[in-house]
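A.B. asks: The sequence isn't on hand, but the structure is:
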């Protein structure tokens, strides 16, 4: 039978993986909506309002699911990880408090106006509301990534007589060593995730009719994002990796599949790691490149997992793979971005069907990469919750296994039903042609703006 | 006043704000089974659609604030109330998504309306159960909850669960009296009166039951001279009851809602009196559970800066959507 701790870990992994899908999408989508509304106010072109109203409906569904799955998160810490909560509350609690105060209220407060208020408050104030929602998603990311980063690279604390972490320096706590890298990496990931969804929807409608102006606008905006941000993400990811090497070298060793300490370590592209035997059956590797990437020196020594204490290393069998999935998708995104530039240059951007088909295929890529990336960093932190200080086994609630098992089962069933339905409704919205979305143009009429559709086909 | 006490007051405020705001919001789901026509249901839903997100954020502030300011209380209470809180969360998920989903597929509106009803009633009931179990007391050993996962279950906790369903039902129906007109309003007035009588009955029973749970509670309410200090609470409840009833009879728009909130406030104050100076009855007090001063000070700055701003824009949103809700007010 499973122990309570295994079930609690699985439950946390399950609810947080489901949850991260929605913020990863809504952080990017809130900014995209702000850009669309801004462009509409500036250029007065109906296609931007059309797209705004189109994506607003999708935002509403995704945001709602993000809120309800997020409330679950704020209770998981207490129900399943009460010892962790007691110990870290004095440090992490205030950061989460700031998240609620500066982000959650801002998002929720202005979301109502953003969704329902166009006719009541006018264009300018409505745009302000959209901006506030977008800022809210950003502040939320700021604080929660600070919390998460502190668990990886704890700083600015002492430990009191009852074993609680006590804050000593808030600046060191908030801006802990891995935070800037993680924040930039995650924000870019959110932007890319959204861009690839928007691009896929644009591509889908272009495949049906490549004169569709709204679809063209979507694909074009999305691919500019991909072409610019995907390469930057590679740089940010690399810097994040170097930061991890400094503070969590065992995680890097597991990601790279390095069991043995080597001078001039290879870059293992593909292989089968075996945690029991502590060796990797490497199939494709490039000599010395591992040392070059990690230490910028072909002959540098890279410490392998065997030379860490056995009870302080994460499972390479998981994060070796999750890391490769993330990087592989990142490379595919860069390639697609470059291809898009080439097609634009050749004036084939809207007429190359294969390109549109691949854009469609890449629609969910961001979500997979985000989850794979989070698996890499979180599993890579094991066997600790607060790296090097508090072990996962010492963090769990004194709760009976059947309680955790039952709630886990209930969460799984509810999430699949509810979020399955939500995903279906989002896809239903995707299938509507943005140029003929009658609902989207109704609002235009009531604002006294032109009802004309851009049907130049 | 010590900073620990200030934090206890801030959290009480957040929890009370949650109870009122999500109370009428959940209360709409509790009234939903008695609202039959789709047209009326649409209006009822639209009275809260722009604000429900914000209302529920107070619950996160309550949870997050407890984690930050009283981490020991958070880590004792949540495992003790594991089952009712998980059930509450599931209810909140079901009803939360219904706000969007019910518009997305005309043939499935009924299903999501059912999810809205079950979710709202379930979330409220288990919130009430959690409250009852909390009042009964949570055994602690060392720094952890010391009991099994059915500890929350008792006749009292089940009763408070039912009581809260009627209470939020009253907030929901009086809110709808305020936000609707004509036939719908008359319908809600009828429901409001029923929920009012049921709520009153519940307040009475819970008030008489609670002092017998612990000798300390009894001491607070019935020993001389303490009884003189606490006497205003039942007196004010009696006055508010009369006022609320008159407002309901006179078909007043806003007053039934306001008096319902006052009834909730008085019940809440009564609860605070019973518990103080504990934060987790029967044995963990505010000072024992509090986080170190540095944590409390740091977040207090945030509360002082952000809370006024939050109150301003939250009021602004309510002001934008003021008045009677019209049938066509939806972006769907």
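C.D. replies: Done, it's in. Nothing here was measured: the structure is a model prediction, and the numbers come from that model.

A.B. asks: Could you find the closest non-adjacent residue to residue 101?
C.D. replies: As the question left the chain open, I've gone with chain A. residue B:306 (3.9 Å; CB to CB, 6 or more residues apart in numbering or on different chains). From N, CA and C alone the C-beta is placed, and that goes for glycine too.

A.B. asks: you looked at the wrong chain, it should be chain B
C.D. replies: residue B:112 (4.6 Å).

A.B. asks: who's in contact with that neighbour?
C.D. replies: Residue B:112 is in contact with B:97-98, B:101-102, counting by CB atoms under 8 Å, 6 or more residues apart in numbering or on different chains.

A.B. asks: Reformat those residues as CSV; add neighbour count and secondary structure.
C.D. replies: Converted to CSV, the contacts of residue B:112 look like this (neighbours: other CB atoms under 10 Å in any protein chain shown; DSSP: H, G, I helix; E, B strand; the rest coil):
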residue, neighbour count, secondary structure
B:97, 26, helix
B:98, 26, helix
B:101, 25, helix
B:102, 23, helix
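
A.B. asks: okay, those residues in CSV with pLDDT and distance to residue A:65 next?
C.D. replies: Shown next, in CSV, are those (pLDDT from 0 to 100; distance: CB to CB, whole Å):
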residue, pLDDT, distance to residue A:65
B:97, 88, 6
B:98, 89, 12
B:101, 87, 10
B:102, 85, 14
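
A.B. asks: which element is the residue nearest to residue A:101 on?
C.D. replies: helix B:293-320 (DSSP states H and E).

A.B. asks: Give me the buried positions along that helix.
C.D. replies: B:294-296, B:298-300, B:302-303, B:306-307, B:310, B:313-314, B:316-317, B:320 (16 or more other CB atoms under 10 Å in any protein chain shown).

A.B. asks: on contacts alone, who are the packing partners of it?
C.D. replies: Where contact means 3 or more CB pairs under 8 Å, 6 or more residues apart in numbering or on different chains; DSSP states H and E, helix B:293-320 is packed against helix A:82-99, helix A:105-116, strand A:165-167, helix B:3-31, helix B:52-69.

A.B. asks: do whatever helix or strand comes next after the shortest one and chain B meet?
C.D. replies: So that's strand A:165-167. Counting by DSSP H and E, the element after strand A:165-167 in chain order, helix or strand, is helix A:170-174. Yes: counting by CB under 8 Å from any CB of the partner chain, chain B has neighbours in helix A:170-174: residue A:170.

A.B. asks: Check which helices and strands helix A:170-174 is in contact with.
C.D. replies: Packed next to helix A:170-174, using 3+ CB pairs under 8 Å, 6+ apart, are helix A:82-99, helix A:123-152.

A.B. asks: Give me the residues contacting that helix.
C.D. replies: A:91, A:95, A:146, A:150, A:155-157, A:167, B:298.

A.B. asks: rerun at 10 Å
C.D. replies: A:91-92, A:94-95, A:98, A:142-143, A:146-147, A:149-150, A:154-157, A:165, A:167, A:179, B:294-295, B:297-298 (CB atoms under 10 Å, 6 or more residues apart in numbering or on different chains).

A.B. asks: list the buried ones in that helix?
C.D. replies: A:170, A:173-174.

A.B. asks: can you redo the residues you listed as JSON lines with pLDDT?
C.D. replies: Formatted as JSON lines, the buried residues of helix A:170-174 follow (pLDDT from 0 to 100):
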{"residue": "A:170", "pLDDT": "95"}
{"residue": "A:173", "pLDDT": "95"}
{"residue": "A:174", "pLDDT": "96"}
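
A.B. asks: just curious, which of the residues you listed is nearest to residue B:46?
C.D. replies: residue A:174 (40.4 Å; CB to CB).

A.B. asks: State the distance from the closest one to residue B:293.
C.D. replies: Distance check for residue A:174 against residue B:293: by CB to CB, to the nearest Å, it reads 18 Å.

A.B. asks: ok so, going back, list only those of the contacts of helix A:170-174 flagged as buried.
C.D. replies: A:91-92, A:94-95, A:98, A:142-143, A:146-147, A:149-150, A:154-157, A:165, A:167, A:179, B:294-295, B:298.

A.B. asks: ok, the residue in the stretch 51-200 of chain B positioned nearest to chain A - contacts?
C.D. replies: When scored by CB to the nearest CB, the stretch 51-200 of chain B has residue B:71 as its residue closest to chain A, at 2.4 Å. Listed by CB under 10 Å, 6+ apart, the contact set of residue B:71 reads A:77-78, A:82, A:84-93, A:164-165, B:143, B:289-292, B:295.
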